[in-house]
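*Asks:* Got a predicted structure plus its sequence, pasted below:
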Amino acid sequence: MADPLHLHLLSDSTGETLEVIAKACLAQFEGAEVLRHFWPMVRSEGHLDRVLDDIERRPGLVLYTLVNSNIRRELEQKTRRRGIHAVSALDPVVDALSAVLGQEAKARPGSQHALDAAYFARVGAIQFTIAHDDGIGSDNWEEADIILAGVSRTSKTPTSIYLANRGFKVANIPLVPEAPPPPSLFGLRHPLVVGLTTNPDRLIQVRRNRLLSLNQAPETDYVDQEAVNAELAFARRIFADNDWPVIDVTRRSIEETAFAIVKLCNERFDIATARE
């Protein structure tokens, strides 16, 4: 069995960008065993030397984002001398943008995380979304950009949080035959209401796994085939009666579902949202 790869993520900012890039790239290598090491806020030669000493003890691949030219030069020279493979994650994109825009890139660490109006809009969207999870806060649903409706375990909450991180205020509500949603849901004008549905067999599997993770009995009405079919039929009737767009999440990731919802927003509303 091959030894795991040590992947060192080195940044002069928080390292969040590198983490996202690494995760996206590693998803292309099924079964690869990789140990990730994070080295954020590297902004001095002394700090860099200490990091390189540790990297040399656990050699692998260094993926970096450094905008300070001096620190970057030191990293490139010292990794070359030590025989360490280092790759700049953003250079191809920055170089292309520079050529197309006719501008030099600003050497400013973490500038994508500046505390501007968009940042505070995202924070507000996240706070709103958390406060309106699972049917809570119906008195001001009109303030939402998006409302997600569906039976339990159709990814309403994770999709809401993902959208909130993109600046959308999202509320979500479970559709339960025994407890119909409040009438106020059906009179909303501003928010885009989207129905989420899924395949019943897949839904039962997800619910059963959830029960097992909570050490609860795996065989209840919650996972009964007939009861689940009735729940989904109840939700479909509500979707149809209100002419809400419906997204089947059976084979969609959270990101794919969110993308489809944002596309619907762009088609139907002019929603001012924070952008990263």
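*Replies:* Cool, got the structure. All values reported here derive from a predicted model rather than from experimental measurement. Numbers count the residues shown, from 1 in each chain.
*Asks:* Poorly predicted segments of the stretch 151-276 of the chain, please.
*Replies:* Low-confidence segments of the stretch 151-276 of the chain (pLDDT under 70): 269-276.
*Asks:* how about 50 then?
*Replies:* 271-276 (pLDDT under 50).
*Asks:* Show the residue spans covered by the strands in it.
*Replies:* 170-174, 192-197, 246-248 (DSSP state E, counting those that start in this stretch).
*Asks:* So which of those strands is the most surrounded?
*Replies:* Of all the strands of the stretch 151-276 of the chain, strand 170-174 carries the top mean neighbour count, a mean of 25, counting by mean count of other C-beta atoms under 10 Å. C-beta: built from backbone N, CA, C; applies to glycine.
*Asks:* can you list the residues that contact that one?
*Replies:* For strand 170-174, the surrounding residues in contact (C-beta atoms under 8 Å, 6 or more residues apart in numbering) are 125, 128-129, 132-135, 137-138, 141, 144-152, 156-157, 159-160, 163-164, 181, 185, 191.
*Asks:* what pairs with that strand, and is each one parallel or antiparallel?
*Replies:* Strand pairing for strand 170-174, determined by DSSP bridges: strand 146-150 (parallel).
*Asks:* got the angle between the strand it pairs with and strand 192-197?
*Replies:* Put simply, strand 146-150 runs at 20 degrees to strand 192-197, going by axes from the mean of the first three to the mean of the last three C-alpha atoms, to 10 degrees.
*Asks:* roughly how far out does stretch 205-225 sit from the chain middle?
*Replies:* 26 Å (C-alpha atoms, centre = their mean, to the nearest Å).
*Asks:* Contacts for it, please.
*Replies:* Applying C-beta under 8 Å, 6+ apart, the external contacts of stretch 205-225 come out as Ser152, Arg153, Thr198, Pro200, Ile204, Ala227, Val228.
*Asks:* returning to that earlier point: please name whichever of the strands of the stretch 151-276 of the chain is nearest to Arg268.
*Replies:* strand 192-197 (5.7 Å; C-beta to C-beta).
*Asks:* Just the C-alphas of the closest one, formatted as PDB.
*Replies:* Written as PDB, here are the backbone C-alpha positions of strand 192-197 (Å, rounded to 0.1, in the frame of the first residue of the first chain):
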ATOM      1  CA  LEU A 192     -39.100  32.800  -4.600                       C
ATOM      2  CA  VAL A 193     -40.700  29.700  -3.100                       C
ATOM      3  CA  VAL A 194     -39.000  26.500  -4.400                       C
ATOM      4  CA  GLY A 195     -40.200  22.900  -3.700                       C
ATOM      5  CA  LEU A 196     -37.600  20.300  -3.100                       C
ATOM      6  CA  THR A 197     -38.500  16.600  -3.700                       C
END
